[in-house]
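A.B. asks: attaching a predicted model along with its sequence, questions to come.
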Amino acid sequence: MQLDNDQLQSLLIFLEQSDIQELKLEGDDFRLEVRRNLPAPLAPAPAPLPASAPTSVAPMPASAGVTAPSSPPPSPSALRADLVDITAPMVGTFYRSPSPADPPFVEIGSRIGVGQPVCILEAMKLMNELEAEVSGELVEILVENGTPVEFGQVLLRVKPG
């Protein structure tokens, strides 16, 4: 059995929207374990977002496990209708630049264009560039460099234009 990135993302979206607490899935060259404890529902689950960055999935060693988040953390600032959120299409570690010695991809006030890399999400030792899906001005960076992020978590906010 093979499990590609699209199938993994679909599975995680399905699990996020279900009340399944634990799932174990094994193939010839991987093992996936997802466990979570659901708190009492406070708000509706966020709508799934399409993945914009190309990603690849490497086989997981039989001893490795993946834990899916129960829900993305709330955003630190109030929602504004004039801003577009750039969210994490996967669980990983957020990096603002390609390497520690390089400058960040974007800064607050930067003009960005569709397809422009805005950050890197590291997942399972793979570096995945996240590209902007909207043109405009970057107005908020909501995650610290090197911080773990969850699927659907808002990373950046852009004022389109």
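C.D. replies: Alright, I've got the coordinates. Numbers count the residues shown, from 1 in each chain.
A.B. asks: quick one: the strands in this structure, in order.
C.D. replies: In the chain, the strands defined using DSSP state E lie at 22-26, 31-35, 84-87, 92-95, 111-112, 117-123, 126-131, 136-141, 148-149, 154-160.
A.B. asks: what strands line up against the fourth one, and which way round?
C.D. replies: This points to strand 92-95. strand 117-123 (antiparallel), strand 148-149 (antiparallel) (DSSP bridges).
A.B. asks: what's the answer for the fifth one, then?
C.D. replies: Using DSSP bridges, strand 111-112 pairs in its sheet with strand 136-141 (antiparallel).
A.B. asks: so where's this structure shaky on pLDDT?
C.D. replies: Scanning the chain for pLDDT under 70 picks out 1-3, 28, 30, 36-79.
A.B. asks: quick one: the helices in it?
C.D. replies: Secondary structure of the chain (DSSP state H): helices at 5-16.
A.B. asks: burial of Gln13, as a residue count?
C.D. replies: One thing to correct before we go on: residue 13 is Ile, not Gln. Neighbour count for Ile13, taken as other Cβ atoms under 10 Å: 17. Where you see a C-beta, it was placed from the backbone N, CA and C, and this is true even at glycine.
A.B. asks: scratch that, Gln153
C.D. replies: 22.
A.B. asks: next one: Ala132
C.D. replies: Applying the criterion other Cβ under 10 Å, we find 22 residues in the vicinity of Ala132.
A.B. asks: surely Arg31 touches Leu23?
C.D. replies: No - if you go by Cβ atoms under 8 Å, Arg31 and Leu23 don't touch, sitting 11.4 Å apart.
A.B. asks: where's the closest residue to Met127 other than its chain neighbours relative to Val158, distance?
C.D. replies: Closest residue to Met127 apart from its sequence neighbours, by Cβ to Cβ, 6 or more residues apart in numbering: Ile120 at 5.2 Å. Distance from Ile120 to Val158, counting by Cβ to Cβ, to the nearest Å: 18 Å.
A.B. asks: so for these two, which sits in the more crowded spot?
C.D. replies: Of the pair Ile120 and Val158, Val158 is the one with more neighbours under other Cβ under 10 Å, namely 23 against 20.
A.B. asks: now do the contacts for that one.
C.D. replies: Residues counted as contacts of Val158 (Cβ atoms under 8 Å, 6 or more residues apart in numbering) are 83-84, 86, 112, 132, 134, 136-139.
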